[in-house]
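Q: Compute the structure for the input listed below.
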Amino acid sequence: MSHEPIKLLVDDKTHERHLENLRQATESLRALNAELALIEAELDRRYEDSPIGQFHARRRRGNGAPPVQE
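A: Numbers count the residues shown, from 1 in each chain. Sure thing, here's the model as predicted:
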C-alpha cells in the first residue's frame with residue numbers, strides 16, 4: 001500500500017517567510033554552538049587545573065600513556 005505524497009502548494013510570500021525563519025534559526029543555532037564551544041573549552045581548562053584533573057593527568061603519565069587530547 002503506497003500512498004503518493006500530497007504536494008502542498010505555498011505562495012511565494014509564505015515560502016520567503018519560511019526561508020527567513022530558517023535563516024534566523026540557523027544563525028541562532030550557530031551562535032549557540034559557538035557559545036557552547038567556549039563554555040566547553042573553559043570547563044576543560046578548569047578540569048585540567050582542578051585537583052582531580054591533575055590527579056588523572058599524573059596517573060596517565062605514570063602509566064606511560066601520553067596525555068589525552070580531546
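Q: tell me the contacts of A34?
A: With contacts defined as CB atoms under 8 Å, 6 or more residues apart in numbering, A34 is in contact with no residue. Backbone N, C-alpha and C define where each C-beta goes, glycine included.
Q: Secondary structure element for it, which one?
A: A34 belongs to helix 12-49 when assigned by DSSP states H and E.
Q: For that helix, what does the pLDDT average out to?
A: Helix 12-49 shows a mean pLDDT of 97.
Q: what's the next secondary structure element after that helix?
A: Next in sequence after helix 12-49, counting helices and strands by DSSP H and E, comes helix 51-62.
Q: Keeping just the C-alphas, turn that following helix into PDB.
A: Taking C-alpha atoms only, helix 51-62 is exported to PDB below (Å, rounded to 0.1, in the frame of the first residue of the first chain):
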ATOM      1  CA  PRO A  51      43.000  18.600  41.700                       C
ATOM      2  CA  ILE A  52      41.100  15.700  40.200                       C
ATOM      3  CA  GLY A  53      42.200  16.700  36.700                       C
ATOM      4  CA  GLN A  54      45.800  16.900  37.800                       C
ATOM      5  CA  PHE A  55      45.500  13.600  39.600                       C
ATOM      6  CA  HIS A  56      44.100  12.000  36.400                       C
ATOM      7  CA  ALA A  57      46.900  13.500  34.300                       C
ATOM      8  CA  ARG A  58      49.600  12.200  36.700                       C
ATOM      9  CA  ARG A  59      48.000   8.700  36.600                       C
ATOM     10  CA  ARG A  60      48.000   8.800  32.800                       C
ATOM     11  CA  ARG A  61      51.700   9.900  32.700                       C
ATOM     12  CA  GLY A  62      52.600   7.400  35.400                       C
END
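Q: list the contacts for L8?
A: Contact partners of L8, counting by CB under 8 Å, 6+ apart, are absent.
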